[in-house]
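In: I need the structure of the sequence given here:
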Amino acid sequence: MGSKGNRMKKHALLIQAHQDISYFIKLAKIQPNVNFYVHMDAKSDYFPDAETAQLANVFLLSNRVSVRWGGFSQIEATLKLFETAFANEDNAYFHLVSGEDVVLQPFEVIEKQWQQRFDFQAMMTCERAPQYAYRFIMDSPHADSNWQRQLTGKIITKLQQGVAKVKPYHSPIYFGSQWFSVTRADWEKIVPFTDEYSDFFRHKLVPDEHFFQTLITEKLTNQIRLSNDNRRQIIFDKNVNNGNSPIYLDLLKLERAKFDGYWFARKVKKDVALTWLGELT
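Out: Modelled structure (predicted):
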């Protein structure tokens, strides 16, 4: 858009996916001024079609990570997405979402609300959660491995929880959702500390729930304001998978979430997402 001082302030969706992203591809066609960055899990054999590859506002990361639940690989994928999206100076607003998210509001509405209600704070949840000290007190041999969620891994985690009860951790434990939105100015402040915190969190359990919250609170507390509201409708139900992962949302729940002012919702199955977009009858 002409001179540097006259750049378009664009929204960038940073998508961590492991399967079909046809919802986002269709959305990208409808929203040519929004940039879509996709990290497809290296384990996935899903490849978008040739038409997708030609969309000027869709960028598929080639340097992919094999992402595991509760592993540092989640952070690696996030950092790669941000690095790629940040390289385009038009991108002013960054939204980290999963491949099973849908957008609930027009981007103009999101931007206006972000400015007027939140004064462009970092849209991130953050709370003190001392019950997770066991994740911080030591590196874990099973972190980011295939056996983290198997019996052996669960036994090691239980042992760590026992150690944490007798060996206190002397810093506050900050915890929140891994999904967030930040402005370009705030991301610029975060970047210099990512290597240092990567070293600390690389072999820790479930670092995606702590990494950015800890970094910002410890290093940037006077420079970045956290809204403690990420504007994402995510519902956990103890009766579904023991509350370990969000439930799938139907159209009624999406309508309600939009009415309640949420910007994004997860998780949503492909057919529901496409219906939400009006592509299916």
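
In: please enumerate the strands of this structure.
Out: Applying DSSP state E to the chain gives strands spanning 10-17, 35-40, 58-60, 91-98, 101-103, 127-128, 174-175, 181-183, 232-234, 264-266.

In: okay, now the unreliable bits of this structure?
Out: 1-6, 141, 144-145, 147-149, 152-153, 155-157, 161-164, 241-242, 279-281 (pLDDT under 70).

In: contacts only, for the residue nearest the centre of it.
Out: Among the residues of the chain, the one closest to the centroid is residue 179, at 3.1 Å (CA atoms, centre = their mean). For residue 179, the contacting residues are 96-98, 101, 230, 232, 234, 264, 266, by CB atoms under 8 Å, 6 or more residues apart in numbering. The way it works is simple: take the backbone N, C-alpha and C, and place the C-beta from them, glycine included.

In: do that again at 7 Å, thanks
Out: 96-98, 230, 232 (CB atoms under 7 Å, 6 or more residues apart in numbering).

In: closest to residue 199 out of the residues you listed?
Out: residue 96 (21.6 Å; CB to CB).

In: surely that closest one meets residue 78?
Out: Yes - between residue 96 and residue 78 there is a contact at 6.2 Å, judged by CB atoms under 7 Å.

In: between these two, which is the more surrounded one?
Out: residue 96 (28 against 23; other CB atoms under 10 Å).

In: what about that one, distance to residue 251?
Out: 24 Å (CB to CB, to the nearest Å).

In: one more: residue 212?
Out: When residue 212 is compared with residue 251 (using CB to CB), they lie 31 Å apart.

In: please apply the same query to residue 54.
Out: 31 Å.

In: residue 86 too?
Out: In terms of CB to CB, residue 86 sits 34 Å off from residue 251.

In: among the two, which residue is more densely surrounded?
Out: residue 86 (17 against 12).

In: ok, and the closest non-adjacent residue to that one?
Out: residue 187 (6.2 Å; CB to CB, 6 or more residues apart in numbering).

In: quick check: buried residues in stretch 22-35?
Out: Going by neighbour count (16 or more other CB atoms under 10 Å), the buried part of stretch 22-35 is 22-25, 27-28, 31, 34-35.

In: try stretch 104-124
Out: 104-105, 107, 110-111, 114, 120-124.
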